[in-house]
Every structure is written in structure tokens, then in C-alpha cells.
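Undergrad: predicted structure and sequence below. I'll ask about it afterward.
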Amino acid sequence: YGTIKLGESKIYSTIMFHGGFAAYKKSLLDNFNVETDDTGTALDIVQKGGRTIMIPEAVIFSLEFTVWKDKFNIKVRRATQNVKTWVRCLHLLFKRKLLLPKKIALPEMFLYLFNPLVLLILFIITVYILLYSPFPMAFGVLVLLPLLLVKQTRILFIEVLQNNCFLLLAILNLLVGKEIIRWKTLQDPRGMIRRDMLESRHLI
């Protein structure tokens, strides 16, 4: 993910980034895009002729979710905002007004708008085949089971599946016109960072 963002930055601009640590030129930031958050704000700047780049040397440490409900709510909100941003890019592309190069925009649009739908279709086809033919099921178990026993592969598989499910929910939200804009305050007490935790990891 970071390598792709760095590559996009070197080509021209990246509008997808972790927004916890971002700096903006006052001359380019009229206002923060509250509807689509930092991604939409970055697109606004690109459309004004500015560049938005990732600096790999800039590092930030942030809280991770320890409660699934919190992770689910924020991931769906974030995915919805990202999908809305790329739908906006698609509209601008059709109008020939998108200033983000096609070599950056098209792969990202496919990843966020079409890839989740392709995955869903493939999943439905796979289930259908498995129900009506025992051989693919046996083959699938023999191939997938050893891969899923490897921790790194299992984590990657779960993350890809999970992220595409969030994107599918985001696309559904967009189709039904559901607005998800505001942040919800998390009430998880395990999410607190203490000074001794940072010191023990040599972060301060």
C-alpha cells in the first residue's frame, strides 16, 4: 500500500493516504472537505492544480481498534467516503475534467469501485460450483487449507476479504443514499496510550 502511494506521489499525486498526519498549504486549502474527509480534500487540491504527495520519512503512530464494533463502524464510514471520492473522480473523468493522471486514477477506481463487485460475483460462482461438484470442493480444501495454516497468508486473506466487504457495504450505502459523514466518539478504555507504553517501545 505504501509503495503504491509513493509511486503515485512520484508520478504526480496520491489522494489516498492515512490522514492522521497531513500538512496543507493555506493557499490551496479553502476549507476541509467534511463530506469525504482527507481523501476528498486531497482531490480538491489536485483539481486546483496542486500536488498531494506522501512523504515516506514522515511517521505517525495511532491507536488501533480493540473492539470489533468500533472498527466496523469506522471502516465502513471510511470506505464510504473513499467510494464517494472515486465516484466523483469517475464523473470528472467522463467530463474530461479530472486532473489526476489516468495511470493513477483508473487502477484506483477499479480497486475501490469494481473489484469488490468482481469478488462478490466470483464468490457466488464458487459457492454454486462447490454445491454441485464435490471435486472442486475437495481440491479447494487441499489447496487452501495449507495456505491458511500459515499465519502471514491467513492474515492477508482475512484482510483482503474484510476490506472488500467494507467496500461492498460502502457501495450499498451509496446506492441507497445513506449518508455517513460524522465521526463517532469511541468509548473503549483499552484504547488509551500511556507515556510508559511509548517509552517502552522507544517512541519517545
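TA: That came in fine, so what should we check first?
Undergrad: what helix or strand is the residue nearest to residue 120 when sequence neighbours are not counted on?
TA: Spatial nearest neighbour of residue 120, chain neighbours left out: residue 168 (6.3 Å); criterion: C-beta to C-beta, 6 or more residues apart in numbering. Heads up, the C-betas are built off the backbone N, CA and C, glycines and all. For residue 168, the host element (DSSP states H and E) is helix 151-176.
Undergrad: what number of residues are in the vicinity of the nearest residue to residue 100 once chain neighbours are set aside?
TA: In space, residue 100 comes closest to residue 46 once its chain neighbours are excluded; the distance is 5.4 Å by C-beta to C-beta, 6+ apart. Residues lying near residue 46 (other C-beta atoms under 10 Å) number 23.
Undergrad: quick check: mean pLDDT of the host helix or strand of residue 46?
TA: Assigned by DSSP H and E, residue 46 belongs to helix 37-47. For helix 37-47, mean pLDDT is 91.
Undergrad: so the residue nearest to residue 100 makes contact with residue 104?
TA: No: at 9.7 Å, residue 46 does not count as touching residue 104 under the criterion of C-beta atoms under 8 Å.
Undergrad: shared neighbours, these two?
TA: Common neighbours of residue 46 and residue 104, using C-beta atoms under 8 Å, 6 or more residues apart in numbering, are residue 13.
Undergrad: ok, the residue nearest to residue 120 - contacts?
TA: Here residue 168 is in contact with 116, 117, 120 (C-beta under 8 Å, 6+ apart).
Undergrad: wait, the second one sits on residue 171?
TA: Yes: distance between residue 117 and residue 171: 7.3 Å, which falls inside the contact criterion (C-beta under 8 Å).
Undergrad: the more surrounded of those two?
TA: Between residue 117 and residue 171, residue 171 has the larger neighbour count (other C-beta under 10 Å), namely 20 against 13.
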